[in-house]
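In: I need the structure of the sequence given here:
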Amino acid sequence: MFIQFNSWICRGSLALLALLATMACQSAQVQAPPQSPSPPNVYGTPVKASQPSNAELASALTEATSAWLTSLTGTQKTKCVIGYSDIQRTDWHFIPRPWRKGLALSEMTAEQEKLAMELLRVSISDQGFEKLHKIMLEQGFLRLTENQNPPNCCGIYGTQCGNGSGCPSIFDERYYFFSVFGQPTMSGEWGLSIEGHHFSVNYTIEGGQVIASTPTAFGSAPAIMIADNYPPIKKGTRNLALEQDLAIELYEMLLPDQKKVALLTKDSPRDIINAGSLYPLAGSPVGLRAREMTHGQRKQLRSLLEVYAHNMPEAIARDWMASIDENGFDEIYFAFMGTTPMGENKQYVVQGPAVLINFSNSQPDSQGNPANHIHAIWRNPKGDFNIGNPFYPYSPRNVAPE
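Out: Below you'll find the predicted structure:
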């Protein structure tokens with residue numbers, strides 16, 4: 001299928017591309033990571049995302065959230081300021097949805113959007129933002145290719161969320177929603193959610209500390225851009241590459257007897273089980289335990305964990321990794337499903353007392369290329385949103401997360 005680029009540019013996409021060109025000029029002196037094939041950042045000079053401490057991150061989140069809220073109208077606030085105890089705080093998912101809580105970038109003025117993106121830059125790391133930037137650009141490609149074939153454009157919702165010409169509101173570069181639960185303050189409790197298709201971050205803050213920063217989700221489709229006629233994303237561009245490659249390398253490092261333990265099945269499930277649920281599905285761990293790995297294999301496992309952790313601000317990454325070590329790195333299990341070659345379905349699970357990673361690349365992209373659709377999730381098996389998990393399989397049970 002040949003994509004006529006000039007025929008699809010809508011008003012929002014045109015503004016996005018104009019920002020791309022402007023920011024390419026403004027950031028000409030900024031050295032981008034050499035391994036990244038993605039276009040320049042869309043939303044201006046990065047705000048410092050790495051904070052030296054948890055408390056300073058909480059302060060930065062409070063300040064950035066307050067600044068954004070101050071810019072909104074009363075009507076806009078009714079959509080995105082929600083009670084802390086409202087059930088919507090724990091209603092999260094990364095799938096394409098016809099409706100989401102909060103206020104979308106597409107509903108904001110240019111100045112409001114700028115403040116929202118500054119808040120987002122505080123909420124994730126530069127590495128995380130680079131991945132999100134690619135995810136957002138992918139939405140334009142999905143709008144073209146998925147909308148060609150209703151009802152697939154609406155995922156599990158079918159044609160109910162669209163019309164005969166497809167679902168233009170489901171895949172959009174600016175269809176990312178911001179929600180605040182309670183009032184941002186350094187003394188009380190409040191929450192923050194930023195999510196859209198293939199992205200979700202959730203913060204809980206209390207007493208000037210970030211007390212919960214899960215669940216988090218990143219996704220990508222196409223994970224490798226195979227088409228060569230979509231200018232915003234160059235052919236060959238990859239997203240979430242390390243999340244996949246490091247795990248494959250770890251599995252290939254295993255000895256034959258270790259692979260027998262780590263491999264659960266050669267038939268990978270279609271997607272992650274229990275995604276979007278309130279409670280992490282952390283049953284008895286399966287696979288190969290870190291205690292049974294060699295030094296090199298353990299080092300590879302840690303590198304994989306750090307890739308996920310460093311999608312978040314440095315304070316969160318440091319807290320996550322410290323919690324893993326305090327709860328026993330040796331007790332982490334690695335389980336693999338499917339097969340390792342590119343273009344073949346695969347999943348893996350990394351589970352320990354303080355970490356639950358679910359990765360899936362078992363679906364085709366919108367053009368039918370197999371295993372080119374990634375979901376990668378980090379959850380706290382003790383409980384997300386600072387809500388204890390009654391299914392926590394370790395002892396003591398039913399404890400609130402640290």
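In: strands of the protein, start to end?
Out: Using DSSP state E, the strands found in the chain span residues 81-82, 103-104, 176-181, 189-196, 199-206, 209-212, 216-220, 263-265, 288-289, 333-338, 346-352, 355-361, 374-379.
In: out of these, flag the one nearest residue 114.
Out: Put simply, out of the strands of the chain the one that sits nearest residue 114 is strand 176-181, at 12.8 Å, with distance taken as CB to CB. Glycine gets a C-beta too; all of them are placed from N, C-alpha and C.
In: can you give me the mean pLDDT across that closest one?
Out: Here the mean pLDDT over strand 176-181 is 98, rounded to a whole number.
In: next: stretch 229-243.
Out: Stretch 229-243 shows a mean pLDDT of 97 in the predicted model.
In: and that stretch, which residues are buried?
Out: Neighbour-count burial for stretch 229-243 flags 230, 232, 233, 237, 238, 239, 240, 241, 242, 243 (criterion: 16 or more other CB atoms under 10 Å).
In: put the alpha carbons of that stretch into PDB.
Out: C-alpha atoms of stretch 229-243 as PDB (Å, rounded to 0.1, in the frame of the first residue of the first chain):
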ATOM      1  CA  ASN A 229       6.800   6.100   2.300                       C
ATOM      2  CA  TYR A 230       5.900   7.700   5.700                       C
ATOM      3  CA  PRO A 231       8.200  10.700   6.100                       C
ATOM      4  CA  PRO A 232       7.800  11.300   9.800                       C
ATOM      5  CA  ILE A 233       9.400   7.900  10.600                       C
ATOM      6  CA  LYS A 234      12.300   6.700   8.500                       C
ATOM      7  CA  LYS A 235      12.400   3.100   7.300                       C
ATOM      8  CA  GLY A 236      14.300   0.900   9.700                       C
ATOM      9  CA  THR A 237      13.500   3.000  12.800                       C
ATOM     10  CA  ARG A 238      13.100   0.800  15.800                       C
ATOM     11  CA  ASN A 239      11.400   1.600  19.100                       C
ATOM     12  CA  LEU A 240      11.800  -0.300  22.400                       C
ATOM     13  CA  ALA A 241      14.600  -2.200  20.800                       C
ATOM     14  CA  LEU A 242      16.600  -2.700  24.000                       C
ATOM     15  CA  GLU A 243      13.600  -4.000  25.900                       C
END
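In: that stretch: how far from the chain's middle?
Out: 16 Å (CA atoms, centre = their mean, to the nearest Å).
In: how about stretch 113-133?
Out: Taking CA atoms, centre = their mean, the mean C-alpha location of stretch 113-133 is offset from the chain mean by 12 Å.
In: may I see the buried residues of that stretch?
Out: Taking 16+ other CB under 10 Å as the neighbour-count basis, stretch 113-133 is seen to contain the buried residues 113, 115-133.
In: which stretch among the strands of the chain comes nearest residue 300?
Out: Taking CB to CB as the criterion, strand 333-338 is the member of the strands of the chain that comes nearest to residue 300, at 9.6 Å.
In: got the contact list for the closest one?
Out: When contacts are taken as CB atoms under 8 Å, 6 or more residues apart in numbering, the neighbours of strand 333-338 outside the stretch itself are 247, 250-251, 262-269, 285-290, 293, 301, 344-352, 362.
In: if we use 7 Å, what do you get?
Out: When contacts are defined by CB atoms under 7 Å, 6 or more residues apart in numbering, strand 333-338 is touched by residues 250-251, 262-266, 268-269, 285-289, 301, 344-352, 362.
In: on that earlier part again, can you tell me which of the buried residues of stretch 229-243 end up in helices?
Out: The helices in this structure, assigned by DSSP state H, contain 241, 242, 243 from these.
In: put together CSV for these, with distance to residue 93 on each row.
Out: Listed next are these as CSV, based on distance: CB to CB, whole Å:
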residue, distance to residue 93
241, 24
242, 24
243, 19
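In: okay, the most far-flung residue of the chain relative to its centre: pLDDT?
Out: Taking CA atoms, centre = their mean, the residue of the chain most remote from its mean C-alpha position is residue 257, at 33.7 Å. What the model reports as pLDDT for residue 257 is 98.
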